[in-house]
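*Asks:* Have a look at this fold, sequence not included:
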């Protein structure tokens, strides 16, 4: 990929979330020159949100202070998307979003080519190109957050599957007849190791009088995963057991990933991973003990390096390819 | 891929198994013109087996009766292989096979370029090019046999992972603390739905006096999965329950595959699938009930069409690409 040939233009990126919009303006090397964050105000519907997205990106561009022109824009959005058409098919956290042609609308408003990608795929691409997966060729990205999402970079290219729905690592069934998942099934990884699962489990433990420190911190409110992590870090043994159990199941999910993909990198992002060793250590122990030897010996399991920007930076790097016409679309070297 | 340009030459294929060697001679379209099957005699070690492989292929060539020349040879072999180097790294069922440079040795003996592929990958490629997956672009192949193996065709290309170890679908953990798997872990798909798992479960049921028809058929011997299937087909309710339980877990494994890969085809081969609806129906019911909607609605789950020849035919079609220089290696259309 020849970055030099592409000039010194700027790339815009918008990461559209259920609660906030993050916009970045970066150069061709991924260096950030402008940032804007604002609430999504999702209740106002797609048209209003799209205007907010463009306003946000223009604010980031203003901060960059290098003239009004972007060479391309990348948008990361939740939910199943149609990559070829640039359409958000549906977005569970965004009321009214059904078959919204985001790429076309943003391209019209910004006056430059625009690419749309699923947020987990964009984050995988961000970590692959600029983050913890640099130098990788086969990378699986997991975000362990409210839910558990995934993105796959296989043979150096984003793998989207037949309908843009590949990478739903959170929906591997790991426990027969286990707790109910958001998708309706039982015992999926997401129902065992996500922030939601940790909070639910903590609620059960509190209801039977356990986790005294957590109970004090929660002060009668439903506990968040972050609070469980905090209580565990301060010595609450029940809270620690909840985090370790989540880590154990995460490790079983990672074992599946290692055995199925034989990746060289697994990158873990999302809020739950901020609890660090509490979850990571039991997860890695499980992989070490039970993944197949060949596959296990060649994989590096690492934390994401780009924090909350992996999706936006990945979208930017996908947009860069619209300009350089390289990498994702024709890189067969 | 332009088959016409490649002439009307012949391609050889050898499928090396733990108990038998299957050789085929096919034309560029995959039509079979010569066949040879003989016992592997694995106990005689790599050198003797390699000579048997070449003898077998020459016998198939003789049957084809179109002169002595092959344009290329494809070899399918068990165990982890090094595709780039053409080396069988290890093969659990073949005593003494460790780092055997099969491609080079066969190429020398046959006097033509030779490609080596893992047997499950070769079978996936066979079904993709000539079998139940024709017209597919994203295909997952599973062989449900003594063990459970898999091969992945993603974006129209075989996906091998970082070390040739991708596709170990049999080693997804599905049941927490379930029955022991051959790999040492517990509750893997292979330990729940393979022929070995069915036979083990049947042994337990017989030991406590169940499955009367199966007991009669087994006549005191340890029951095989095929015998369990036969007893179930003839009305043995315990035997039927064993097959259905295997199908249920197979369906949970398929649910993981559907959610992770979003494939357009899943092709099921191997001896256990010969039991047909006994296993297939509960498996499909599970996918229908619990796979994610978008992914589920776009997948076709079908039985393999090439029977015991999918591996050999896949190896032949990989070898064809050595001649046509198309498809797998540079097909980016």
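*Replies:* Done, it's in. Fair warning: this is a prediction, and the values are worked out from it, not measured in the lab.
*Asks:* so residue A:146, which of the three states?
*Replies:* Classification of residue A:146 by DSSP: H, G, I helix; E, B strand; the rest coil places it in coil.
*Asks:* Pretty sure it sits against residue A:197.
*Replies:* No: contact criterion Cβ atoms under 8 Å: residue A:146 and residue A:197 do not qualify, at 9.9 Å. C-beta: built from backbone N, CA, C; applies to glycine.
*Asks:* From chain B, how far off is residue A:267?
*Replies:* Using Cβ to the nearest Cβ, to the nearest Å, one gets 14 Å for the distance from residue A:267 to chain B.
*Asks:* For the residue most central in space within chain A, list the residues it contacts.
*Replies:* In chain A, the centroid-proximal residue (Cα atoms, centre = their mean) is residue A:120; its distance is 4.0 Å. Shown in contact with residue A:120 (Cβ atoms under 8 Å, 6 or more residues apart in numbering or on different chains): A:141, A:143, A:149, A:150, A:151, A:167, A:311.
*Asks:* Pull the distance from stretch A:87-96 to the chain's centre.
*Replies:* 17 Å (Cα atoms, centre = their mean, to the nearest Å).
*Asks:* so where do the helices sit in the stretch 1-150 of chain A?
*Replies:* For the stretch 1-150 of chain A, the helices defined by DSSP state H, counting those that start in this stretch occupy A:45-64, A:102-110, A:119-130.
*Asks:* so residue A:294 touches residue B:80, yeah?
*Replies:* Yes: if you go by Cβ under 8 Å, residue A:294 and residue B:80 touch, sitting 5.4 Å apart.
*Asks:* Give the residues shared as contacts by those two.
*Replies:* Common neighbours of residue A:294 and residue B:80 (Cβ under 8 Å, 6+ apart) are B:89, B:163, B:165.
*Asks:* Would you check how far apart the first one and chain A are?
*Replies:* Note on residue B:89: its distance to chain A, by Cβ to the nearest Cβ, is 8 Å.
*Asks:* Tell me who's in contact with the closest residue to that residue other than its chain neighbours.
*Replies:* Leaving aside its sequence neighbours, residue B:89 sits nearest to residue B:80 (Cβ to Cβ, 6 or more residues apart in numbering or on different chains; 4.5 Å). Contacts here follow Cβ under 8 Å, 6+ apart; on that basis residue B:80 touches A:294, B:89, B:90, B:118, B:163, B:164, B:165.
*Asks:* how about those in TSV, adding pLDDT?
*Replies:* As requested, those are exported to TSV (pLDDT from 0 to 100):
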residue	pLDDT
A:294	92
B:89	90
B:90	86
B:118	94
B:163	92
B:164	91
B:165	93
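*Asks:* wait, what's in contact with residue A:314?
*Replies:* Residue A:314 sits next to A:74, A:76, A:117, A:121-130 when contact means Cβ under 8 Å, 6+ apart.
*Asks:* from those residues, which single one is nearest chain B?
*Replies:* In terms of Cβ to the nearest Cβ, no member of the contacts of residue A:314 lies closer to chain B than residue A:121, at 11.7 Å.
*Asks:* in what helix or strand does the nearest residue to the closest one once chain neighbours are set aside lie?
*Replies:* Distances taken as Cβ to Cβ, 6+ apart place residue A:151 nearest to residue A:121, at 4.3 Å, with adjacent residues excluded. Per DSSP states H and E: residue A:151 is located in strand A:148-154.
*Asks:* for that strand, packing partners?
*Replies:* helix A:119-130, strand A:139-144, helix A:189-193, helix A:237-261 (3 or more Cβ pairs under 8 Å, 6 or more residues apart in numbering or on different chains; DSSP states H and E).
*Asks:* which residues touch it?
*Replies:* Contact with strand A:148-154 is made by A:118-125, A:128, A:133, A:136, A:138-143, A:158-159, A:166-170, A:189-190, A:193-194, A:253, A:261, A:270, B:154, B:159, B:260, as judged by Cβ under 8 Å, 6+ apart.
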